[in-house]
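**Student:** Fold the stuff below for me.
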Amino acid sequence: MQNLLLAPVIISLLTIAAHAQTTDTTKDLVKQGVALNDAGKYPEAIEKYNEALKADPNNLQADYEMGYTLYSSGKGKDAIPFLEKIVQSKDSKYETYDLLGSIYDDNNEGDKAVECYKNGIKDNPNYERLHFNLGISYLRQKRYAEAEACETDAIKLDPKHASSQRIYAMAEYEQGKRIYALEAWCSFLLIEPNSERSADVFKDMKKVINYGVTQKDAKHTNINISVSEMSAGTLSLPLTVIASTEGKTGLSAVDSLTLQLTAIFKAAPGSDEIIKQPALANFYAKFFDQLAASGNMPAFVRLISLSVYKDDDVAWFKENSKQLDALDLWIRSAQRTF
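**Tutor:** Numbering: from 1, shown residues only. Purely as a prediction, here's the structure:
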C-alpha cells in the first residue's frame, strides 16, 4: 500500500521536472531568438520563437518577441495575432500596447493606434514612450492640441528625450505658437546637435526666426503677417528679430543668429504666448532667458548650429574650448522645472 501511495507523489514530481525542463528550454530558445534579432537575422529569430511556442504555446514572452521581430522585419500585420494574445491575457501589457499601436499607426489606422496607446497609459502612466507615440499619432491626424498635451507629458517624464522635444515643437508650430516651437527645437539641438535630423530641425528653427521678415535691401526690412496674428501678439517676434541686428554690419551667420536668439530668449517670458499658455513656461522660457543672461550664448549657438556650419564651429571650439566647458557646466547646474 505504501508504494501505491507514493506513486501520485512520484508522478507529480516527474511532471514538475518536465515542466521546469520545458520552461528552461523555452527561455533558452527565446534568448537565442533575441540575440538573432539583435544581429538582424530576423528569419532565424522567428524560427527560434516558433520552436519556443511549440514547446510552450502559452509563453507570452515568446509571443512578444515574435511580434517585435516581425514588426522590425517589416511584417507588422503578421505580428498582430501574437500581440493580441498578450493583450487578452492578465499580464501587464503596456509595452505590448506600445508596439501594437505603432503597427496600427504605420498601417494608417490612427484610431486603433490611439486606443492602444491610451490602454497602455492606463496600464502604466509613467511609461514615457506611450505618451510620445500617442503624440505622434495625434500629430499625424492633425490633432495638434492633443499632440501638444501628450508630448508635454512625455517631456515631464523624460526631459532628455530629444524626439519628444521635436514632436512638441512641431505641434506648437502648427498651432501658431512659434516661441514655444523655437525653444523646443533649441532644446532638441542641445540634446542632439549633429545628426541628419539636427540639420532639419535647425532649418525649422530658422523658419520661425525669419517668419514674416523679408530683407528688402541693406537698410530696409519688411514684416508680412496677417491681421489676426498681429492681434495675437505675433508681431513682437519679428520686431524683436529685426531690432536685434539693427545697425550692425559685417555680421557672420552665426553672429546674427546669436544676437537674434539672445533677444528672443530675453523677450520670451513676457510674451503673450508664454503668459497665456504657461504649460512649460519654466522649462522653456525661463531656462532660455537665464541662458541668454549667462554669457554662454556664443558657445550655445555654435553647438546647435554644428550640423549646418560644422567646419567653422569645430574650428571655433578648438580655439574656445573653455567656453564650451563653461556652457556644459552651466547646463548641468541649471534648474529646468515644470
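**Student:** Leaving out sequence neighbours, find the closest residue to G120.
**Tutor:** Y97 (3.1 Å; Cβ to Cβ, 6 or more residues apart in numbering). To be clear about C-beta, it is placed using only N, CA and C from the backbone, and glycine gets the same treatment.
**Student:** can you check G76 too?
**Tutor:** Per Cβ to Cβ, 6+ apart, closest to G76 is I103, 4.0 Å.
**Student:** Give me the neighbour count for that neighbour.
**Tutor:** By the criterion of other Cβ atoms under 10 Å, I103 has 22 neighbours.
**Student:** Let's verify it: helix, strand, or coil?
**Tutor:** helix (DSSP: H, G, I helix; E, B strand; the rest coil).
**Student:** do you know how far it is from A147?
**Tutor:** 20 Å (Cβ to Cβ, to the nearest Å).
**Student:** S256 touches T245, doesn't it?
**Tutor:** Yes: applying Cβ atoms under 8 Å, one finds S256 in contact with T245, separated by 5.5 Å.
**Student:** Determine the number of other residues adjacent to the closest residue in space to D123 that isn't next to it in sequence.
**Tutor:** The spatial neighbour of D123 that comes closest, neighbours along the chain excluded (Cβ to Cβ, 6+ apart), is Y94 at 4.1 Å. Neighbourhood size, Y94 [other Cβ under 10 Å]: 18.
**Student:** hang on, isn't Y94 packed against N133?
**Tutor:** No: between Y94 and N133 there is no contact, the gap being 11.4 Å when judged by Cβ under 8 Å.
**Student:** hey, where'd the strands end up in the protein?
**Tutor:** 213-215, 221-223 (DSSP state E).
**Student:** one step back: which ones are touching the residue nearest to G76?
**Tutor:** By Cβ atoms under 8 Å, 6 or more residues apart in numbering, the residues touching I103 are Y71, G76, K77, A79, I80, L83.
**Student:** Let me have those residues in a markdown table, adding neighbour count and distance to A279 as columns.
**Tutor:** Shown next, in a markdown table, are the contacts of I103 (neighbours: other Cβ atoms under 10 Å; distance: Cβ to Cβ, whole Å):
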| residue | neighbour count | distance to A279 |
| --- | --- | --- |
| Y71 | 21 | 33 |
| G76 | 20 | 34 |
| K77 | 13 | 37 |
| A79 | 23 | 36 |
| I80 | 17 | 35 |
| L83 | 26 | 33 |
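**Student:** Tell me which two of these sit farthest apart.
**Tutor:** K77 and L83 (10.9 Å; Cβ to Cβ).
**Student:** Just the endpoints, please. Distance across stretch 154-163?
**Tutor:** End-to-end span of stretch 154-163 (Cα to Cα, to the nearest Å): 10 Å.
**Student:** can you start the count at 41 instead of 1 from here on
**Tutor:** In the new count, where the first residue is 41, that last one comes out as stretch 194-203.
**Student:** From the chain's centroid, how far away is it?
**Tutor:** 6 Å (Cα atoms, centre = their mean, to the nearest Å).
**Student:** Just give the nearest non-adjacent residue to N99, would you?
**Tutor:** Spatial nearest neighbour of N99, excluding adjacent residues (Cβ to Cβ, 6+ apart): T66 at 5.2 Å.
**Student:** how deep is that neighbour tucked in, by neighbour count?
**Tutor:** 22.
**Student:** dump the residue contacts of it.
**Tutor:** Per Cβ under 8 Å, 6+ apart, neighbours of T66: A92, A95, D96, N99, A102.
**Student:** count of residues packed around the first one?
**Tutor:** Here the count is done by other Cβ under 10 Å, and A92 has 26 residues near it.
**Student:** Do you know the pLDDT at it?
**Tutor:** pLDDT for A92: 95.
**Student:** Same question for the third one.
**Tutor:** Note for D96: predicted pLDDT of 93.
**Student:** my guess is it meets N90, correct?
**Tutor:** No: assessed by Cβ under 8 Å, D96 is found out of contact with N90, at 11.8 Å.
**Student:** more neighbours, those two?
**Tutor:** Ranked by neighbour count (other Cβ under 10 Å), D96 and N90 place D96 first, with 18 against 14.
**Student:** Could you check how far that one is from M106?
**Tutor:** 13 Å.
**Student:** Tell me how many other residues surround S361.
**Tutor:** Neighbours of S361 (other Cβ under 10 Å): 11.
**Student:** meant to ask about T298
**Tutor:** Neighbours of T298 using other Cβ under 10 Å come to 22.
**Student:** pLDDT at it, what is it?
**Tutor:** Note on T298: pLDDT of 97.
**Student:** Leaving out the residues flanking it, which one is nearest to it?
**Tutor:** In this structure, T298 finds its nearest non-sequential neighbour in V341, 4.5 Å apart by Cβ to Cβ, 6+ apart.
**Student:** In this structure the one you found contacts Q300, no?
**Tutor:** No: look at V341 against Q300 with Cβ under 8 Å: they stay out of range, at 9.3 Å.
**Student:** who's more crowded, the two?
**Tutor:** More crowded of V341 and Q300, by other Cβ under 10 Å: V341, with 25 against 21.
**Student:** so who does the more buried one touch?
**Tutor:** Contacts of V341 (Cβ under 8 Å, 6+ apart): V294, L297, T298, L301.
**Student:** Give me the local confidence score for it.
**Tutor:** 98.
**Student:** Pull up the gap between it and I219, please.
**Tutor:** Per Cβ to Cβ, V341 is found 17 Å from I219.
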